[in-house]
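Enquirer: sequence plus predicted model, see below.
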Amino acid sequence: MVSSNGSGAPDLGALSELDRLLRGKRTVVLAGAGCSTESGIPDYRGPEGIRRNRQPMQYQEFMRSERARIRYWARSTIGWPRFRSARPNPGHHALAALEEGGLVPGVITQNVDGLHQAAGSRRVVELHGSLSVVRCLGCGTSLSREGYQARLLELNPGWLDSLGAASAELAPDGDAELPVWAESGFRIAPCPECGGVLKPDVVFFGENVPRERVEEAWALFAEAEVLLVVGSSLAVYSGRRFIYRADDEGIPIAIINQGPTRADEFAEVKIEGRVGTILPGLAKRLLGR
């Protein structure tokens, strides 16, 4: 295992070790929230892997409680404009360049922000879905999140202005912190087709990843000669399962992350540092640019 010198960028020896492991091999990437924090999107865990003092929406709570759904959509109404305005950082662009250069067949991402695609990555398995889509739990109708935002604002005229949205703190997954009083009286729109409950097309905590999405991820994983984890503490099983299979099949594992992960002992190479700093340097080496 090789780690950085703690400055946020790895030493040359660390990059050389990673270069030797990846060079000439098909490298499937497993990406986590650390890829997007440098684009201004918060994560649920800090660099030390410790859960931040915030409870994310739970699937069962969303399903059984209209009050919980109102709370979620009120906060999302605040958070969505800033979430959608995030732009890819150098780490995203480096992964896209590695795919274009034929070295990375694709990315399995735990993120729901679409920044890999915005940077130019073509083959992306969004393991936890996409926040840009809203889906009806009754009839399956899908809507754009942008369109649903407009509908929410129509149903709650003046609400956004009265809050002083610029001061609301952005939270992970397009959410935002709001005072409890701001949620009372907030109206949410039902499905325009059947009147059913609408949910963002993302996997909430406590919810299973759809089977077809898991199968798509395994199909990409099957092409790997190396598994490269970038920006994930691997705290949840939906991502960690790929580590276990890689270990079982003798596929080398490399990790780039700030702080510890739950798979450090499996890694042949581990570099601690910012994904947006390390990946561009790695891409430059591997692509000879």
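Expert: Now that the structure is in, tell me what you want to look at. Residues are numbered from 1 along each chain as shown.
Enquirer: and the end-to-end length of stretch 20-31?
Expert: One end of stretch 20-31 sits 21 Å from the other (CA to CA, to the nearest Å).
Enquirer: pLDDT of it, averaged?
Expert: Averaging pLDDT along stretch 20-31 gives 97.
Enquirer: can you list the domain ranges for this protein.
Expert: 1-41+88-128+208-289, 52-85+130-202 (automatic domain parsing).
Enquirer: dump the ones you listed to JSON lines, plus mean neighbour count.
Expert: For glycine as for every other residue, the C-beta is placed from the backbone atoms N, C-alpha and C. Below are the domains of the chain laid out as JSON lines (neighbours: other CB atoms under 10 Å):
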{"stretch": "domain 1-41+88-128+208-289", "mean neighbour count": "20"}
{"stretch": "domain 52-85+130-202", "mean neighbour count": "16"}
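Enquirer: where does the stretch 51-200 of the chain dip in pLDDT?
Expert: For the stretch 51-200 of the chain, residues meeting the criterion pLDDT under 70 lie at 51-54, 164-176.
Enquirer: just the helices in it please.
Expert: 59-64, 66-84, 90-100, 115-119, 145-155, 159-163, 180-183 (DSSP state H, counting those that start in this stretch).
Enquirer: which residues touch Pro280?
Expert: Pro280 makes contacts with 90-91, 93-94, as judged by CB atoms under 8 Å, 6 or more residues apart in numbering.
Enquirer: between helix 90-100 and whichever strand or helix holds it, find me the angle.
Expert: Element membership of Pro280 [criterion: DSSP states H and E] is helix 275-287. Angle, helix 275-287 to helix 90-100, by axes from the mean of the first three to the mean of the last three CA atoms, to 10 degrees: 30 degrees.
Enquirer: tell me how far helix 275-287 lies from the chain's centre.
Expert: Centroid displacement of helix 275-287 relative to its chain, using CA atoms, centre = their mean, to the nearest Å, is 20 Å.
Enquirer: could I have that helix exported to CSV, CA atoms only?
Expert: This file holds the C-alpha atoms of helix 275-287, laid out as CSV (Å, rounded to 0.1, in the frame of the first residue of the first chain):
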residue,chain,number,x,y,z
VAL,A,275,-9.3,13.1,-6.5
GLY,A,276,-9.3,16.3,-8.5
THR,A,277,-5.5,16.6,-7.9
ILE,A,278,-4.4,13.0,-8.3
LEU,A,279,-6.5,11.8,-11.3
PRO,A,280,-5.3,14.5,-13.7
GLY,A,281,-1.7,13.6,-12.9
LEU,A,282,-2.4,9.9,-13.4
ALA,A,283,-4.2,10.5,-16.7
LYS,A,284,-1.3,12.5,-18.0
ARG,A,285,1.1,9.7,-17.2
LEU,A,286,-1.0,6.9,-18.6
LEU,A,287,-2.0,8.8,-21.8
